[in-house]
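J.: Quick check, what structure comes out for this input:
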Amino acid sequence: MSDKDNLEKFVSKNGFDLCVLCKFVTEYKTEVNIESREYYIDGVGQLCNTCYSTAEETLFEQNFIKKYLDNFF
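T.: Predicted structure coming up:
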């Protein structure tokens with residue numbers, strides 16, 4: 001499977017990017033520059049608001065636990 005085929009999995013029929021986690025249609029057409037987008041993670045792709053918020057909370061919790069454990073031991 002080529003990179004193009006992989007990328008096409010995350011584009012709706014009308015040209016909007018899909019969330020790379022849940023495949024929800026986002027508000028961004030593929031031609032919109034990633035620097036102009038919200039909820040885009042470099043190296044991952046476009047996320048919807050819900051998945052981005054969940055990922056952000058998870059990373060915060062992981063960092064909090066790591067800092068706690070680093071200070072504990």
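
J.: For Leu47, which residues are in contact?
T.: Cys19, Val20, Leu21, Thr26, Tyr39, Tyr40, Ile41, Ala55 (CB atoms under 8 Å, 6 or more residues apart in numbering). From N, CA and C alone the C-beta is placed, and that goes for glycine too.

J.: make that Ala55, sorry
T.: Counting by CB under 8 Å, 6+ apart, Ala55 touches Leu21, Ile41, Leu47.

J.: one more time with 7 Å, if that's ok
T.: Leu47 (CB atoms under 7 Å, 6 or more residues apart in numbering).

J.: Only alpha carbons, please: show the host helix or strand of Asn71 as PDB.
T.: Using DSSP states H and E, Asn71 sits in helix 49-72. Provided in PDB are the C-alpha atoms of helix 49-72 (Å, rounded to 0.1, in the frame of the first residue of the first chain):
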ATOM      1  CA  ASN A  49     -11.900  18.200  18.900                       C
ATOM      2  CA  THR A  50     -13.000  15.200  21.000                       C
ATOM      3  CA  CYS A  51     -10.100  13.000  20.200                       C
ATOM      4  CA  TYR A  52      -7.600  15.900  20.600                       C
ATOM      5  CA  SER A  53      -9.000  16.700  24.000                       C
ATOM      6  CA  THR A  54      -8.900  13.100  25.100                       C
ATOM      7  CA  ALA A  55      -5.300  12.700  23.900                       C
ATOM      8  CA  GLU A  56      -4.300  16.000  25.600                       C
ATOM      9  CA  GLU A  57      -5.900  14.700  28.900                       C
ATOM     10  CA  THR A  58      -4.200  11.400  28.600                       C
ATOM     11  CA  LEU A  59      -0.800  13.000  28.000                       C
ATOM     12  CA  PHE A  60      -1.300  15.300  30.900                       C
ATOM     13  CA  GLU A  61      -2.100  12.300  33.200                       C
ATOM     14  CA  GLN A  62       0.900  10.400  32.000                       C
ATOM     15  CA  ASN A  63       3.200  13.300  32.500                       C
ATOM     16  CA  PHE A  64       1.700  13.900  36.000                       C
ATOM     17  CA  ILE A  65       2.100  10.200  37.000                       C
ATOM     18  CA  LYS A  66       5.700  10.200  35.600                       C
ATOM     19  CA  LYS A  67       6.700  13.300  37.600                       C
ATOM     20  CA  TYR A  68       5.100  11.900  40.700                       C
ATOM     21  CA  LEU A  69       6.900   8.600  40.400                       C
ATOM     22  CA  ASP A  70      10.200  10.300  39.500                       C
ATOM     23  CA  ASN A  71       9.900  12.300  42.800                       C
ATOM     24  CA  PHE A  72       8.700   9.400  44.800                       C
END
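
J.: Perfect, I'm done here.
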